[in-house]
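J.: Let me see the structure of the following:
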Amino acid sequence: MGDESLRKTPLYAEHVKCGGKMVPFAGWILPVQYGTGVIAEHMAVRTKCGLFDVSHMGEIFLKGKDALKNLNHLLTNEYTNLKDGQARYSPMCNEEGGVVDDLIVYKIRDELYFIVVNAANKDKDFSWMKAHAVGDAELEDASDRFAQLALQGPKAAEILARIAAPEDIPDKYYTCRFDRFIQDIPCHISRTGYTGEDGVEIYVAPEYAPKLWNLLLETGKEDGLIPCGLGARDTLRMEAAMPLYG
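T.: Numbering: from 1, shown residues only. Predicted coordinates:
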């Protein structure tokens with residue numbers, strides 16, 4: 001696969017500026033590490049804070065009066081008691097019990113859900129969901145409308161509190177505040193992550209991603225916040241015993 005066939009996230013130029021070592025991953029070109037190296041990035045997340053570009057992930061909206069019925073039909077977890085603003089993880093299995101993918105579902109409100117899937121499987125997942133949808137439900141692949149940044153580590157909440165209002169920051173793990181702001185940047189802020197540390201994942205329109213990236217790095221500089229790549233993402237999630245599909 002030549003570089004010309006790889007997709008770039010809206011933060012590609014920022015990674016290059018930060019000295020990111022760019023590599024192919026799941027059809028994208030992403031930083032595997034920066035000049036600091038994987039161990040330093042790993043330890044920054046464990047002791048201070050790290051910032052990841054996870055814009056390659058896929059986002060899907062599920063809406064309609066049978067949306068909940070579809071979640072419980074498609075996924076192995078149970079979603080009936082999911083409250084507005086809550087998130088829940090689940091594998092999505094085929095008829096033989098093999099895994100199609102693992103994903104996270106957020107409830108925005110009744111009859112409207114936001115589903116986040118793995119980058120390499122986004123098209124496969126969307127096709128699978130559409131092929132197995134039942135009743136009155138509509139699926140929309142909204143991946144091109146979102147960039148995603150993950151601010152992870154024990155200092156994450158403190159850094160975010162300097163640039164976002166307290167009511168815009170979710171206080172419980174696996175909850176999300178939709179349609180909020182970080183300074184003047186509209187976004188969704190989720191208390192989730194793939195590192196085993198406290199932190200947030202922020203969903204933002206692609207055109208705002210570079211501004212948000214630089215704002216976070218500048219705000220967290222005194223706390224030791226550094227950009228982190230795929231290498232540390234993998235060592236952190238493995239140490240935290242978080243599965244990776246495939």
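J.: count of neighbours near residue 16?
T.: Here the count is done by other CB atoms under 10 Å, and residue 16 has 12 residues near it. C-beta coordinates here come from the backbone N, C-alpha and C atoms, glycine included.
J.: What does the pLDDT read for it?
T.: According to the per-residue confidence, residue 16 scores 98 in pLDDT.
J.: distance of residue 54 from residue 45?
T.: Between residue 54 and residue 45 the distance, using CB to CB, to the nearest Å, works out to 13 Å.
J.: The two: which has the busier surroundings?
T.: More neighbours surround residue 45 than the other of residue 54 and residue 45, with 30 against 21 (other CB under 10 Å).
J.: And that one, its phi and psi?
T.: Note on residue 45: backbone dihedrals following degrees, to the nearest 10 are phi -70, psi -40.
J.: which residues does it contact?
T.: With contacts defined as CB atoms under 8 Å, 6 or more residues apart in numbering, residue 45 is in contact with 152-153, 195, 197, 228, 232, 236.
J.: The residue lying closest to it once chain neighbours are set aside and residue 42: what is the separation?
T.: Spatial nearest neighbour of residue 45, excluding adjacent residues (CB to CB, 6 or more residues apart in numbering): residue 153 at 4.6 Å. As judged by CB to CB, residue 153 and residue 42 stand 11 Å apart.
J.: What is the burial count for the residue nearest to residue 45?
T.: Here the neighbour count serves as a burial measure; for residue 153 (other CB under 10 Å) it reads 29.
J.: and it, what does it touch?
T.: For residue 153, the contacting residues are 44-50, 195, 197-199, 225, by CB under 8 Å, 6+ apart.
J.: do that again at 10 Å, thanks
T.: For residue 153, the contact set (CB atoms under 10 Å, 6 or more residues apart in numbering) comprises 43-51, 159, 193, 195, 197-199, 220, 223-226, 228, 236.
J.: Could you list the buried residues of stretch 138-155?
T.: Neighbour-count burial for stretch 138-155 flags 139, 141, 143, 146-153, 155 (criterion: 16 or more other CB atoms under 10 Å).
J.: Now tabulate the residues you listed in CSV and tack on distance to residue 101.
T.: Output for the buried residues of stretch 138-155, formatted as CSV (distance: CB to CB, whole Å):
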residue, distance to residue 101
139, 14
141, 14
143, 14
146, 18
147, 21
148, 17
149, 22
150, 19
151, 25
152, 22
153, 27
155, 32
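J.: so of those, which ones are in strands?
T.: Secondary-structure check on the buried residues of stretch 138-155 using DSSP state E: residues within strands are 139, 141, 147-152.
J.: Where strands are concerned, which of the contacts of residue 153 count?
T.: Taking DSSP E, the ones among the contacts of residue 153 that sit in strands are 50-51, 199, 226.
J.: Which neighbouring elements make contact with the longest helix belonging to the chain?
T.: For the chain, the longest helix by residue count, based on DSSP state H, is helix 209-220. With contacts defined as 3 or more CB pairs under 10 Å, 6 or more residues apart in numbering; DSSP states H and E, helix 209-220 has these neighbours: helix 12-17, strand 50-53, strand 147-152, helix 156-161, strand 176-182, strand 185-190, strand 199-204, strand 226-227.
J.: Tabulate the CA atom coordinates of that helix in PDB.
T.: Extracted C-alpha coordinates of helix 209-220, given in PDB (Å, rounded to 0.1, in the frame of the first residue of the first chain):
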ATOM      1  CA  ALA A 209      -9.200  19.800  15.400                       C
ATOM      2  CA  PRO A 210      -5.800  21.600  14.900                       C
ATOM      3  CA  LYS A 211      -7.000  24.500  17.100                       C
ATOM      4  CA  LEU A 212      -8.100  22.200  19.800                       C
ATOM      5  CA  TRP A 213      -4.900  20.100  19.600                       C
ATOM      6  CA  ASN A 214      -2.700  23.200  20.000                       C
ATOM      7  CA  LEU A 215      -4.900  24.700  22.700                       C
ATOM      8  CA  LEU A 216      -4.700  21.500  24.800                       C
ATOM      9  CA  LEU A 217      -0.900  21.100  24.400                       C
ATOM     10  CA  GLU A 218      -0.400  24.700  25.400                       C
ATOM     11  CA  THR A 219      -2.800  24.500  28.300                       C
ATOM     12  CA  GLY A 220      -1.200  21.300  29.700                       C
END
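J.: Since that was my last question, I'll sign off now.
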